[in-house]
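S.K.: got a predicted structure plus its sequence, pasted below:
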Amino acid sequence: MSRPTHGLRDWLLQRLTAVYLGGFLVFLLVHFLLQPQHSFQQWHDWVTHPVMLIAIALFIMAVLVHGWVGMRDVVLDYVHTISLRLTILSLTGLILISCGLWALRVLLQAST
Amino acid sequence: MSSTLVSSCLHGCIKQTGILVELTGSVSKCLCGWLWLVFQSCGWYKFRSQLIENMTNQRSAPVYLNLLRIRFPVGAVTSIGHRLSGVLLFLSLPVLIYLLDLSLQSPEGFEKALSYLNNCWFEAGLVLVVWSFMHHLLSGIRFLLIDIDIGVTRQAARNSAWLVNLSAPVLTLASLWWIL
């Protein structure tokens, strides 16, 4: 794929995920301001509600995409040594994918 | 005969595209104008790649950056804060997922996750993470609004940058006071 198309796609992905992340986080903030949860059962039931499960799973995927594009831009701008750049980028990818799988596992475990 | 037909057709087309352009213009004024955003981003991308080209062509020119003498405009502080907070949020991701995991495992885990709020090391980290979160969210909203042509003028952009830079710490303090 040619570079410009790639850059534009990432740029747009960054904005689209940002809208979802922002909207969901504002919803979370408002929700917890209105009804703070103090018991395990309340919290567990809230997270494992089917709608919330899907919303959170979507949120995690959006975080992975957003985090990858953002971290990659930052690394490309400030790290110029190719070997160091590659190392940091692969570590970033590794951390993001592990975090994503871990979070999905947490959701699956909580829902069963 | 046919030439008048063609010219009237052309005239109609031009008129219609004019109306279309006006329509898309008004759609861009509201938040749902994402198509328009794609359209604009093509232009933005061209501008950016040209800029990069110019910059790389002038590599041979000496670069003098004295960090003590450069004065950042307020928008630059917001922008760098956005990057810094983004990196901090990325680094805090494993800890946040650990807390989510712990809090969903069992009632004991839930209590343990809550008890971290009394740990002073954890609290120090929490200040950073909450600030990062607030700053990233607010400046992110600011960037998205600027993308769709809201608050683009220099004065408006400066005002919103000040607003973001100042309200992030204030909101951080407020939310910490509320949590702890």
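M.R.: Received it, and whenever you're ready, just let me know what you need. Numbering: from 1, shown residues only, chains lettered A, B, ... in the order given.
S.K.: for the nearest residue to B:S175 once chain neighbours are set aside, which residues are in contact?
M.R.: Among residues not flanking B:S175 along the chain, B:V130 sits closest, at 5.7 Å (CB to CB, 6 or more residues apart in numbering or on different chains). Placement of C-beta: from N, CA and C, glycine included. Each residue near B:V130 by CB atoms under 8 Å, 6 or more residues apart in numbering or on different chains is listed here: B:T172, B:S175, B:L176.
S.K.: my guess is the first one contacts B:L128. True?
M.R.: No: assessed by CB atoms under 8 Å, B:T172 is found out of contact with B:L128, at 9.2 Å.
S.K.: more neighbours, those two?
M.R.: B:T172 (20 against 15; other CB atoms under 10 Å in any protein chain shown).
S.K.: mind listing what that one touches?
M.R.: Counting by CB under 8 Å, 6+ apart, B:T172 touches B:V127, B:V130, B:W131, B:M134.
S.K.: nearest to A:S83 among those residues?
M.R.: Distance to A:S83 across those (CB to CB) is lowest for B:W131, with 33.0 Å.
S.K.: so who does the closest one touch?
M.R.: With contact set as CB under 8 Å, 6+ apart, B:W131 has these partners: B:S85, B:A168, B:P169, B:T172.
S.K.: biggest separation within those, which pair?
M.R.: Maximum pairwise distance in the contacts of B:W131, criterion CB to CB, is 11.8 Å, between B:S85 and B:P169.
S.K.: tell me which of the two has more neighbours.
M.R.: Comparing B:S85 with B:P169 by other CB under 10 Å, the one with more neighbours is B:S85, at 23 against 14.
S.K.: give me the buried positions along the helix or strand hosting the more buried one.
M.R.: Here B:S85 sits within helix B:74-105, counting by DSSP states H and E. Applying a neighbour-count criterion of 16 or more other CB atoms under 10 Å in any protein chain shown, one finds B:74-75, B:78-79, B:81-83, B:85-90, B:92-93, B:97, B:99-105 buried in helix B:74-105.
S.K.: cool, thanks, signing off.
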